[in-house]
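Engineer: pasting the sequence and the predicted model now:
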Amino acid sequence: MNTSTTSASAITRGWHLIDAKDQILGRLATQIASLLMGKHKTGFVRYLDIADHVVVINASGLVVTGRKAAQKKYYRHSGFPGGLKVTAFSSLRATHPDQIILHAVSGMLPQNKLHDKMLSHLHIFPGPDHTYVNQFRKVA
């Protein structure tokens, strides 16, 4: 019996379309992170980027449970004294709903050299229209 290993030349990338309307943020982010890591594939290995492309539409229709919509805050720091920036979930949803999903998925991916490469396969759109219609016509 031989064990076959996945090589970089044997990687085939698929396309997944996910509608985020009325879906819970955490559950959606885990589903997307699993697709981006390639864990659903039989040839999954941690040291290769075998991820599929994931297109998320209707990001502005995302739902959070409890009082997170009023209480959740996103922090970032410039590195300079007094450079702390705080953004509320509600204002981020109004201006950049794609950043909410990107932040959640980014935290669920492994923090290694493949992190940015995996995130480059994630395409998020706030509304129902997206630019990858041709990719899904090929698959269908």
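Structural biologist: Cool, got the structure. Please read all numbers here as calculations on a predicted model, not as lab measurements. Numbers count the residues shown, from 1 in each chain.
Engineer: hey, let's count contacts and neighbours off CA atoms from now on
Structural biologist: Will do.
Engineer: who's in contact with the closest residue to residue 83 other than its chain neighbours?
Structural biologist: Spatial nearest neighbour of residue 83, chain neighbours left out: residue 77 (5.3 Å); criterion: CA to CA, 6 or more residues apart in numbering. Taking CA atoms under 8 Å, 6 or more residues apart in numbering, we find residue 77 in contact with 83, 84, 85.
Engineer: which of those fall in strands?
Structural biologist: Using DSSP state E, 84, 85 are the members of the contacts of residue 77 that sit in strands.
Engineer: okay, the contacts of residue 77 in CSV with neighbour count, pLDDT and distance to residue 15 next?
Structural biologist: Converted to CSV, the contacts of residue 77 look like this (neighbours: other CA atoms under 10 Å; pLDDT from 0 to 100; distance: CA to CA, whole Å):
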residue, neighbour count, pLDDT, distance to residue 15
83, 10, 97, 39
84, 11, 98, 38
85, 10, 97, 35
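Engineer: show me the strands in the protein, by range?
Structural biologist: For the chain, the strands defined by DSSP E cover 15-19, 53-57, 73-77, 84-88, 122-124.
Engineer: ok, which of those comes nearest residue 105?
Structural biologist: Among the strands of the chain, the nearest to residue 105 by CA to CA is strand 122-124 (9.3 Å).
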